[in-house]
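A.B. asks: Fold the following, please.
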Amino acid sequence: MSRLTISMPDQMNDWVEAQVSAGRYGNVSEYFRDLVRRDQERREGAIAELRALMEQADAGGVSPRSVDEVLQAARLEAQQQGLLNGAD
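C.D. replies: This next block holds a predicted model:
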């Protein structure tokens, strides 16, 4: 097992120590291992989701619409969802 030394602001250190003191983790190392594990899982999930979307898009084939038509439809949908105002 390798060893890692980090520096952080006092406020962050206080937070980590509070998590350990509250019994959520046995020690500081467990806290950081859990953070790394969660980050790995989140990234792996995002990659899997992206792959699934790419497979779905690939299975859908090529659209008969022009690029301008696709962009116009995307803008309309975004406006309807409140993601764009009328000026965009």
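
A.B. asks: pLDDT below threshold where in the protein?
C.D. replies: For the chain, applying pLDDT under 70 flags the ranges 86-88.

A.B. asks: Could I get the full set of helices for the chain?
C.D. replies: Along the chain, counting by DSSP state H, helices occupy 10-21, 28-60, 67-80.

A.B. asks: Please identify which of those is closest to residue 2.
C.D. replies: helix 28-60 (11.6 Å; Cβ to Cβ). For every residue, glycine as well, the C-beta is placed using N, CA and C.

A.B. asks: buried ones in that closest one?
C.D. replies: For helix 28-60, burial by neighbour count (16 or more other Cβ atoms under 10 Å) applies to residue 31.

A.B. asks: Hey, what's the angle from it to helix 10-21? Just curious.
C.D. replies: Orientation note: helix 28-60 sits at an angle of 100 degrees relative to helix 10-21 (axes from the mean of the first three to the mean of the last three Cα atoms, to 10 degrees).

A.B. asks: quick one: helix 28-60 to chain centroid distance?
C.D. replies: On the basis of Cα atoms, centre = their mean, to the nearest Å, helix 28-60 is displaced by 8 Å from the centre of the chain it belongs to.

A.B. asks: And stretch 10-20, by the same measure?
C.D. replies: On Cα atoms, centre = their mean, the centre of stretch 10-20 falls 24 Å from the chain's centre.

A.B. asks: okay if I get the helices of the chain as TSV plus distance to residue 2?
C.D. replies: Formatted as TSV, the helices of the chain follow (distance: least, Cβ to Cβ, whole Å):
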stretch	distance to residue 2
helix 10-21	19
helix 28-60	12
helix 67-80	46
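
A.B. asks: which one of those helices lies closest to residue 1?
C.D. replies: By Cβ to Cβ (comparing all of the helices of the chain), the closest turns out to be helix 28-60, at 9.6 Å.
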